[in-house]
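> Turn this into a structure:
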Amino acid sequence: MTSKGQVTIPVEIRSALSLKQGDRVGFVEVGKDTFAIVSANVPVQQLKGLVRKPRKHVSIESMNAAIAARGAGK
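Numbering: from 1, shown residues only. The predicted structure is shown next:
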């Protein structure tokens, strides 16, 4: 990794993802200390399953309360 946070992606991976100069990639957490490199040039439907579902349902009310509590702390 460079001092600017840039990384070199090996040619085999670039080929497998059909990446070319100027394309965007994303890093998706798939497990503890484990990430997948995904092409950001793919339709969003192909990303299904890369992000885990929440363990429990969170209501809009509880989200709003958490946002309000966090904002009040600033």
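
> Using PDB, list the CA coordinates for the helix or strand containing Ile67.
According to DSSP states H and E, Ile67 maps onto helix 60-72. The C-alpha trace of helix 60-72 is given here as PDB (Å, rounded to 0.1, in the frame of the first residue of the first chain):
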ATOM      1  CA  ILE A  60     -37.700   3.700  12.100                       C
ATOM      2  CA  GLU A  61     -38.600   5.100  15.500                       C
ATOM      3  CA  SER A  62     -35.500   3.500  17.100                       C
ATOM      4  CA  MET A  63     -33.300   4.800  14.200                       C
ATOM      5  CA  ASN A  64     -34.700   8.300  14.700                       C
ATOM      6  CA  ALA A  65     -34.100   8.100  18.400                       C
ATOM      7  CA  ALA A  66     -30.500   7.000  17.900                       C
ATOM      8  CA  ILE A  67     -29.900   9.800  15.400                       C
ATOM      9  CA  ALA A  68     -31.400  12.300  17.800                       C
ATOM     10  CA  ALA A  69     -29.300  11.000  20.700                       C
ATOM     11  CA  ARG A  70     -26.100  11.100  18.700                       C
ATOM     12  CA  GLY A  71     -26.900  14.700  17.500                       C
ATOM     13  CA  ALA A  72     -27.600  15.800  21.000                       C
END
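
> who does that helix touch, helix- and strand-wise?
Contacts defined by 3 or more Cβ pairs under 8 Å, 6 or more residues apart in numbering; DSSP states H and E place helix 60-72 against no helix or strand at all. Glycine gets a C-beta too; all of them are placed from N, C-alpha and C.

> and it, how far out from the chain's middle?
24 Å (Cα atoms, centre = their mean, to the nearest Å).
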